[in-house]
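> need a 3D model of the sequence below.
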Amino acid sequence: MTEFILQLAGRIRDITRMDGVSGGEHSGSVQKVLRRPSCLQESSPVSRHRLAHDDQRAALLHRISSTKMTGTDREPEDGGNLPTEVENVARKELREDPNTRKQALRLMREWLAKNRDISNCRTDSNFLLRFLRVKKFSVPMAQQTLLKYLNFRQTFSHLLMRLDPLDPVVEGLIRSGYIFVSPYRDALGRRVVIYITRMLDPQVHTAAHMCQAHMLTYETLLEEDKNQVMGVCHVADLRQLPLSTVTLWDPNEFSTIVKWGEQSVPMRHKEIHFLNVPTPLRYVYDFACSRISEKMKNRFVLHNSLDQLHNRIDTCVLPKEYGGTMPMTEMIELWLGEVTAKRERLLGLDNIQLLSTDGIISRKKKYPQDHKSNITSLTGSFRKLEVD
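Numbers count the residues shown, from 1 in each chain. Below is the predicted model of the structure:
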């Protein structure tokens, strides 16, 4: 793995040396990494988005190189590092603007400083904003989501902690193509997570390996503010998924993971596409649907063929094997570079501890009278953000 990182870093340096160069011919290796898909023409809106994305992708690769694979790149204290087009989406869909962002972050930090139920919590803007954004800047709801997220991780610590991209089994699972993220964004600016589920071997992999590969992927995506705002698209090919995969899970544990995952992981899942769902596994699909919200269920789409998928997904974000332009092995290599760059932060999540679940509000658990007053006060403070 060390040799792979060094090779990737060298490749990235070759790419970043091209920054600022225009009109010249690039080398074949650079073209392979930053090629512009032939299906996009310069004059189309999608192509203009993709050209902008190529610049963003080069910047990402530069960050991977410059941080020497540590994932410690700095960010503005108030999270105000969004491109203009992303700021516009944040304002329209999430009620986010510089003033709201600044004051909401202050409220979250003040709450964490006084909260005795949480220890060693990250207070950087990137971490706190993922909870604020997923709840459209309702501070009390963001606080509840943070508490549920920590409880989710600790309750299922055997599945969701120790997210190490250098773990041989987990790294091998990603390298096989079981789960990875396309280096291209779609026309709406979203990263696309791709799952080739037949790459999972029930004789080798466990439910823990599956969960760690998934959470490692999602946590890495959340480390980029743009992904928090624009959301994520999912494409899963279930063809030839071994039926024995189902036996890796305890039914009750699987049910809780699905339900709590939606409520606790601060991601904006915009579309979830399933390709080639085997008939025997339809009951698993139906069961999973019964455990999620109607809102999420409405974002599930089943496809029986690649043609159907191509009618809904920009083919250029897919691997070459699925009608795109970049071979899957190259996409996986780039994704491994991204997750390895964030290794320090991924492992650092284990330092955050939830000492008590008393502050978590559920439908079966009513607000204590003093807690109600605190929530009302915070909500009132939040509402003032729009008029101050």
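> now the closest residue to Leu222 other than its chain neighbours, what's its secondary structure?
Excluding its sequence neighbours, the residue lying closest to Leu222 (CB to CB, 6 or more residues apart in numbering) is Arg130, at 5.1 Å. For glycine as for every other residue, the C-beta is placed from the backbone atoms N, C-alpha and C. What DSSP: H, G, I helix; E, B strand; the rest coil gives for Arg130 is helix.
> what is the burial count for Arg130?
With neighbours defined by other CB atoms under 10 Å, the count for Arg130 comes to 27.
> residue contacts, it?
222, 228, 266-267 (CB atoms under 8 Å, 6 or more residues apart in numbering).
> tell me which element Gly324 is part of?
For Gly324, there is no helix or strand it lies in under DSSP states H and E.
> same check on the one 10 residues further on?
With the criterion set as DSSP H and E, the secondary-structure element containing Leu334 is helix 328-341.
> could you give the separation of that helix from the chain centroid?
Centroid separation between helix 328-341 and its chain, computed with CA atoms, centre = their mean, to the nearest Å, is 14 Å.
> quick one, strands of this protein?
For the chain, applying DSSP state E gives strands covering 118-119, 179-185, 191-196, 232-237, 269-275, 300-303, 353-354.
> so in that sheet, which strands flank the second one, and in what orientation?
Meaning strand 179-185. strand 191-196 (antiparallel) (DSSP bridges).
> gap between Leu159 and Leu275?
26 Å (CB to CB, to the nearest Å).
> next: Glu262.
As for Glu262, its distance to Leu275 is 21 Å (criterion: CB to CB).
> likewise Glu224?
26 Å.
> who's more crowded, the two?
Between Glu224 and Leu275, counting by other CB under 10 Å, Leu275 is the more crowded of the two (22 against 19).
> contact partners for that one?
So Leu275 contacts 235-239, 303, 305-306, 309 (CB under 8 Å, 6+ apart).
> now do Val235
192-195, 273, 275, 309, 313, 318.
> mind redoing it with 10 Å?
182, 192-196, 271-275, 301, 303, 309, 312-313, 317-319, 322 (CB atoms under 10 Å, 6 or more residues apart in numbering).
> about what we covered before: give me the helices and strands touching the helix holding Leu334, please.
helix 2-16, helix 28-34, helix 45-66, helix 168-176, strand 179-185, strand 191-196, helix 207-222 (3 or more CB pairs under 10 Å, 6 or more residues apart in numbering; DSSP states H and E).
> select from these the stretch with the lowest mean pLDDT.
Across these, helix 28-34 has the smallest mean pLDDT, namely a mean of 34.
> give me the neighbour count for Leu216.
25.
> so how far is Asn252 from it?
24 Å.
> I'd guessed Met210 sits against Asp201; true?
No: counting by CB atoms under 10 Å, Met210 does not reach Asp201; the two are 11.0 Å apart.
> neighbour-wise, which of the two wins?
Met210 (21 against 15).
> grab the nearest non-local neighbour of the more buried one.
In space, Met210 is closest to Leu200, 6.8 Å off (CB to CB, 6+ apart).
> where does pLDDT dip in this structure?
1-77, 79, 363-388 (pLDDT under 70).
> let's go with 50 and repeat that
1-2, 4-6, 8-50, 52-53, 56, 60, 62-74, 366-388 (pLDDT under 50).
> how close does the residue nearest to Lys320 when sequence neighbours are not counted get to Leu318?
Spatial nearest neighbour of Lys320, excluding adjacent residues (CB to CB, 6+ apart): Pro327 at 4.8 Å. Noted for Pro327: a distance of 11 Å to Leu318, by CB to CB.
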